[in-house]
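J.: no FASTA, just this:
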């Protein structure tokens, strides 16, 4: 009797524990997702690399390491040129955090729901202006005189500040596509150098670029004249994937904005070639959308 | 710092000069160092060239690469890419600049290595970076290798790639490598030196040290062990030869030692012989010195010693301003004793006298024998009175009889005294003075006599007088006086004695006792005697012509007797006169005869052969013996007046006179007594059967003119008149 009663008691306890184990297996994912919408895989930061993947990876790897440490989640950098693959990954939400130019942001926001949380400030300033420069001895004193001339842009046709904004200035000056010959250099600095070396008649570039060693060491910038300049505009943007939970978005924003507040963070910024990362919202890109629409005829 | 350098130099010099291994190792190290240095320099140069070649090669590769990729960037205006290229290139440690220039020479890249020393230096000089100027300035720098590569695209010049490489680091690395190489080489050289040193020391220096040690042992005369031969090479052979040499040397030294020992033994023997002979010589010298300075008979100091002592005493007295006295003593009648009893007795007498005198004198006094029977005594700190006292003591100690040949003898002495400095201030002068005084005492029968310059013929006054005497003889200033001799039995004058008188024109009458001894001493007595003989002959001729037949007696001196021509000259003089030779008589003093009896006998024989008469004058003073008298060819004895004058009151003198008369008569001789001064003596002589008398009682000597009248009446007794009478002053 006792033996039977003992056996039944043990069996009952065993059954009880099995039932508890099965319940934990069933409810544990639910409990987990309910407590925090955290990525189930490592966080990938997508970096637009107009000047080469290697350079970008070198610049931002410390930031990823710092993020991984702060966020307690593996963080990895993936640099990419502006190509189909890059946009496919944006579409797929592959990047938890992405760093690219304003035109790319505006497009991704429109097409895939990416949200701007911060923007970078470089030594060239927080908000960037774009000017059109010519050699003083060229006799060109206004944008209108560029008609029929060769204008050198830094970057490519998708570059917000390298092409879209200066084209916007040309349009405002009454010049239409085809009124002048478009040429592209690797960067605004190269465009300025090419103009200085008489490879073009005008160059579009942030005026601050004139003070960079690459330009000032080669060119006598006093011989350049600025014909027009744009309004100050936000430049490169930090945006998060729409798939990221609000908590993580908040943690990401907090991480980025807090870099300049610590010594290690400042080192990370310096390595990335940035002066600071400040808060940004999608509203900061309204002017960009307007310019894009005027130049590219695209509505975002 | 200089001292340290110097000490190092001294150390190096010491090593160089004193250490073969040091020299060898030093030379080896120097040669190795030189070779390694040359090798290092060559290596350095080749490495430097290799470095330059390598740099040029690398820069060539780099340039080719840039030239190949640059056109794409240039054509796409990708100055960023070009800058990136240049940045990458400039990351090379030695790249100073890497710049792409346009065909127009404008820089298309801006990157330069600003950390480079030369770049920063040039940039500091430039207000603004001007790459063109920068490159131009850097081209002056020899440390930078400049390369230029054209960038072409489809034969179109796109630009130039300029590359500057600083070769200093590579050169420094090369130099460091070289230094390391030199350091390692130095260590290897030092190790090589140490190895050489160890090998050299073990296999060369140790055998050499063994040889040196062996040589040093030879130098120090230690040949106890051979050199250890530790190798069979040339040094081993040298060691074996060295040992053979040592063996031979050892044997040679042993032979030498044996010979040396023999020589030493011989030397020792010779030294002992020399010492022995030296002692003998010293003894002989002492003996010789004693013989030289002492009289062998009396063992008293001899003349030389006396003179030496006298010299010292003069020095001391002169120094102390003191005086001393010299006593010279001569024994009376010593010759007679010698002749009578023999020389042995005489010698014994001298010894005894010496002993008595020495015992009598004070310890500080000095006595010596001058020779013969003469003694000298030196009395320090003694004056004339003290000397007289000592002289009396001498006579006193001589009073006791001396016993010789079992017979007792009495002896007297004549003593002369001279004091320093009164009577002489030199050895010779004071001895002479004492001698003069002594002879004066002897001649005058005095116990002693203190030197009196008057009696000294050698005084300047006397010498002057001697010259005057010579003049007097030559110029016949002398005059003959004649004293008669009377025969007692007949009272007749039978002869006259010719006596010389000198009436000096200035000095007046000079007594014979004064100038006769002077003549004898000076030798003038010879010429004087000849003058007397000549004058006596002349006077005798004169008297003969006057009919006066009388003998003339002339005194001869000792010097006449020693004149070998005297007899011949006398004969010649006598031959020239008509007066018979037997009318002449020659008187010779007993002392003259006794001075050399044998010789005098021969001379007297010669005179006797001339048929002249010979008389012995002053008989009784010369100690002549009877046997000697018998040998003499004499005819008459003249008794010395010293016996005759006192015979009236002195029985001894009377006895002597009596004995002499008897002895003479026994020998067949006639006797004449001198010094008869009164009648009682004459009577005594007459009683004693004396043959003749002479004296003042009869007549004093008279010149020829005065005595001639007397001679006309030869009978003195008959006239009852005394020739000299009371008018004559008796001279004694």
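T.: Sure thing, it's come through. Keep in mind that this is a model prediction, so the values were computed, not measured.

J.: residue boundaries of the helices in the stretch 201-300 of chain A?
T.: Assigned by DSSP state H, counting those that start in this stretch, the helices in the stretch 201-300 of chain A fall at A:213-216, A:246-257, A:263-271, A:286-296.

J.: quick one: pLDDT of residue 175?
T.: No chain was given, so I picked chain A. On the pLDDT scale, residue A:175 is placed at 94.

J.: sorry, I should have been clearer: chain B.
T.: Predicted confidence (pLDDT) for residue B:175: 76.

J.: and the nearest residue to residue B:177 once chain neighbours are set aside, what element?
T.: In this structure, residue B:177 finds its nearest non-sequential neighbour in residue B:47, 7.1 Å apart by CB to CB, 6 or more residues apart in numbering or on different chains. Any C-beta I mention is one placed from the backbone N, CA and C, and that applies to glycine too. Assigned by DSSP states H and E, residue B:47 belongs to helix B:20-75.

J.: just residue A:121 next, same as before
T.: Going by DSSP H and E, residue A:121 is in strand A:115-121.

J.: so what's the gap between the next helix or strand after that strand and the chain middle?
T.: Next along the chain after strand A:115-121, taking DSSP H and E as the criterion, comes strand A:127-128. Computed by CA atoms, centre = their mean, to the nearest Å, the chain-centroid distance of strand A:127-128 equals 14 Å.

J.: tell me the strands beside strand A:127-128, with direction?
T.: Counting by DSSP bridges, the strands paired with strand A:127-128 are strand A:233-234 (antiparallel).

J.: residues in contact with the partner strand?
T.: By CB atoms under 8 Å, 6 or more residues apart in numbering or on different chains, the residues outside strand A:233-234 that reach it are A:102, A:119, A:126-130, A:160-161, A:165, A:280, A:284-285, A:287-288.

J.: for ChimeraX, what selects the buried ones among those residues?
T.: Of the contacts of strand A:233-234, the buried ones can be selected in ChimeraX as follows, counting by 16 or more other CB atoms under 10 Å in any protein chain shown:
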select /A:102,119,128,129,130,160,161,165,280,284,285,288
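
J.: okay, residue B:15: pLDDT?
T.: 63.

J.: wait, doesn't residue B:675 sit right on residue B:642?
T.: Yes. With contact defined as CB atoms under 8 Å, residue B:675 reaches residue B:642; the gap is 7.3 Å.

J.: give me the more crowded residue out of the two.
T.: Higher neighbour count among residue B:675 and residue B:642: residue B:675, with 22 against 17, using other CB atoms under 10 Å in any protein chain shown.

J.: quick check, the more buried one in a strand?
T.: No. Checked against DSSP: H, G, I helix; E, B strand; the rest coil, residue B:675 lies outside a strand; its state is coil.

J.: ok so, going back, show me what the strand holding residue A:121 is packed up against.
T.: helix A:102-112, strand A:237-240, helix A:246-257, strand A:276-279 (3 or more CB pairs under 8 Å, 6 or more residues apart in numbering or on different chains; DSSP states H and E).

J.: cutoff 10 Å now
T.: Secondary-structure packing of strand A:115-121 (3 or more CB pairs under 10 Å, 6 or more residues apart in numbering or on different chains; DSSP states H and E): strand A:97-100, helix A:102-112, strand A:127-128, strand A:233-234, strand A:237-240, helix A:246-257, strand A:276-279.

J.: tell me which of these lies nearest to residue B:443.
T.: Using CB to CB as the measure, strand A:276-279 is the one of the helices and strands packed on strand A:115-121 that comes nearest residue B:443, at 171.4 Å.

J.: buried ones in that closest one?
T.: Using 16+ other CB under 10 Å as the test for burial, strand A:276-279 gives A:276-277.

J.: would you map the helices across the stretch 201-350 of chain B?
T.: Along the stretch 201-350 of chain B, the segments classed as helices by DSSP H, counting those that start in this stretch run B:206-219, B:234-293, B:303-320, B:334-341, B:343-360.

J.: residue contacts, the residue nearest to residue B:177?
T.: With contact taken as CB atoms under 10 Å, 6 or more residues apart in numbering or on different chains, residue B:47 is in contact with B:40, B:54, B:170-171, B:173-175, B:177-178, B:181.

J.: same check on residue B:479?
T.: B:472, B:499-503, B:535, B:703-704.

J.: that one: what secondary structure?
T.: Assigned by three-state DSSP, the conformation of residue B:479 is strand.

J.: skipping its backbone neighbours, what lies nearest the residue of the stretch 151-300 of chain B found nearest chain A in space?
T.: Nearest residue of the stretch 151-300 of chain B to chain A, counting by CB to the nearest CB: residue B:159, 9.8 Å away. In space, and not counting its chain neighbours, residue B:159 is closest to residue B:151: 4.6 Å by CB to CB, 6+ apart.

J.: again with residue A:70
T.: Counting by CB to CB, 6+ apart, the residue nearest residue A:70 is residue A:255, at 5.2 Å.

J.: where does residue 1 land on pLDDT?
T.: Using chain A here. Note on residue A:1: pLDDT of 37.

J.: wrong one, I was asking about chain B
T.: pLDDT, residue B:1: 53.

J.: what's near enough to touch the residue nearest to residue B:613 when sequence neighbours are not counted?
T.: Of all residues not flanking residue B:613 in the chain, residue B:585 sits nearest, at 4.0 Å (CB to CB, 6+ apart). Contacts for residue B:585 (CB under 10 Å, 6+ apart) come out as B:485, B:495-498, B:536, B:551-555, B:612-615, B:635-636.

J.: where does the chain have low pLDDT?
T.: As the question left the chain open, I've gone with chain A. A:1-41 (pLDDT under 70).

J.: oops, I was thinking of chain B
T.: When residues are selected by pLDDT under 70, those of chain B lie in B:1-18, B:127-129, B:454-459, B:622-627, B:714-732.

J.: which bits of it sit near chain A?
T.: B:73-74, B:76-84, B:87, B:99, B:102, B:104, B:106-112, B:114, B:128-131, B:134, B:159 (CB under 10 Å from any CB of the partner chain).

J.: show me which of these are buried.
T.: Buried among the residues of chain B next to chain A by 16+ other CB under 10 Å: B:73-74, B:77-84, B:87, B:99, B:102, B:106-112, B:129-131, B:134, B:159.

J.: quick one: which of the residues you listed sit in strands?
T.: B:99, B:159 (DSSP state E).

J.: among the contacts of residue B:479, which are located in strands?
T.: Using DSSP E, the contacts of residue B:479 in strands are B:499-503, B:703.
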